[in-house]
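>>> A structural model of the following input is requested.
(4 chains)
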There are 2 protein chains.
Amino acid sequence: MELQEAQDKFIQAWGTLGSHWGINRTMAQVHALLLISENPLSAEEIMGTLKISRGNANMNIRALIDWGLVFKELKPGERKEFFVAEKEMWEVIRKIIIQRKKKELEPIIRVLNDISEVNEDDKEAEEFRKVIKDIRLFAQKADSTLEGLVKSDQNWFVGTFLNMIK
Amino acid sequence: MELQEAQDKFIQAWGTLGSHWGINRTMAQVHALLLISENPLSAEEIMGTLKISRGNANMNIRALIDWGLVFKELKPGERKEFFVAEKEMWEVIRKIIIQRKKKELEPIIRVLNDISEVNEDDKEAEEFRKVIKDIRLFAQKADSTLEGLVKSDQNWFVGTFLNMIK
DNA sequence: TTCAACTTTCAAAAGGTTTTGAAAGTTCGG
DNA sequence: CCGAACTTTCAAAACCTTTTGAAAGTTGAA
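Sure thing, here's the model as predicted:
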């Protein structure tokens, strides 16, 4: 396969994956492009390669910087800003886990805690408490596991995963 | 807190969570409603409670059945169909993992395998192969781990998670 | 201070997804 | 068979998210 074709395929696939992961299509494509380019790219170059508007490029680059997946890089003597991606996959995964945990898991845990306070005592309320308690257990387990993952290093992670798959 | 209020909050929260998880808002709300109701509900009752149209209810109930998260239940002497949710949380999680793995992880692994075939040998191609190889490693590890999870039972899962969080 | 180079903003347009509801389809008891 | 009770379908409408691009804002060298 040609390098060019492979690169395009990767950018498309990463975009599709991203959109299933709370990262919008373009944001993921910008990330993919930076991941596979050996040099830092300017906004102009990103716009050109992905055929997106200036505003769109700017917005998504900013978002990637917020997530900690992309860094600004200034070249001496150049006015323009250049961008590089975090290339350590384990770091990429950690950064994504951090964001998703904050945006998804933490809010639902807050709601589950709130609504555990139902104190009627008929059969229906009983059933409700039972379901909520069960969900809460899983949510909290997931929360501590992810918290642990985020704080751990890659070797620990790979090790644990290898154990898990025997 | 009142049972009614708590139930509404749960349905809303589950809907929001679902939409981050490849399950559309209404589909997740139908699932939430069935999760917390002690009796099987008819399409009519679901439409009424969630204030959604007949078509919408039908579509999302079908989708939940496809995912294995909801079952049809026929009451003797009744023409209508009734629905119950899978209430075992561990099963719910397994079913979701199965669907998402199929729709997200497997396609990207296919692409990664394809594009590993780049055989140019300049610096740029080298960088490309390096990034792809690294991502592929993680993707495959995630795939086997999830495969293991799906095949395992709840105790194994809870045990492993407890180990992971020390 | 000025100006050109660059970045950011944001309202409007485009594009995508979900919902509606009426019509068509199915099923079963009589 | 028939008709009532129910389910499914699908085109159009509503809604939501993303993208555009022009204008406003910022920055730094001279």
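>>> for chain A, what spans make up the strands?
Along chain A, the segments classed as strands by DSSP state E run A:41-42, A:70-74, A:81-85.
>>> What's the local residue count around A:Leu137?
A:Leu137: 13 surrounding residues under other Cβ atoms under 10 Å in any protein chain shown. Backbone N, C-alpha and C define where each C-beta goes, glycine included.
>>> what residue of chain A is the furthest out?
What lies farthest from the middle of chain A is A:Asp122; by Cα atoms, centre = their mean that is 42.5 Å.
>>> Run through the residues that contact the residue nearest in space to the middle of chain A.
Taking Cα atoms, centre = their mean, the centroid of chain A lies closest to A:Ile96, which sits 2.6 Å from it. Contact analysis of A:Ile96 by Cβ atoms under 8 Å, 6 or more residues apart in numbering or on different chains lists A:21, A:23, A:67, A:69.
>>> Helices along chain A, start to end?
A:3-19, A:25-36, A:43-50, A:54-67, A:89-100, A:106-115, A:123-151, A:154-164 (DSSP state H).
>>> how's chain A carved up into domains?
A:3-85, A:89-164 (automatic domain parsing).
>>> So for DNA strand C, which of the ones you listed sits nearest?
Minimum separation from DNA strand C across those (Cβ to the nearest atom of the strand) falls at domain A:3-85, 3.2 Å.
>>> Does the closest one reach chain B?
Yes: part of domain A:3-85 sits near chain B under the criterion Cβ under 8 Å from any Cβ of the partner chain, namely A:3, A:6-7, A:9-10, A:13-14, A:16-17, A:20-22, A:35-38.
>>> Tabulate the domains of chain A (CSV), appending distance to B:Thr49 and mean pLDDT.
Conversion of these to CSV gives the following (distance: least, Cβ to Cβ, whole Å; pLDDT from 0 to 100):
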stretch, distance to B:Thr49, mean pLDDT
domain A:3-85, 29, 94
domain A:89-164, 14, 86
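>>> Just the buried ones among the contacts of A:Ile96, please.
Buried members of the contacts of A:Ile96, scored by 16 or more other Cβ atoms under 10 Å in any protein chain shown, are A:23, A:67, A:69.
>>> one step back: can you tell me how far the residue nearest to the centre of chain A is from B:Gln7?
32 Å (Cβ to Cβ, to the nearest Å).
>>> how near is A:Trp21 to A:Glu5?
For A:Trp21, the distance to A:Glu5 - Cβ to Cβ - is 25 Å.
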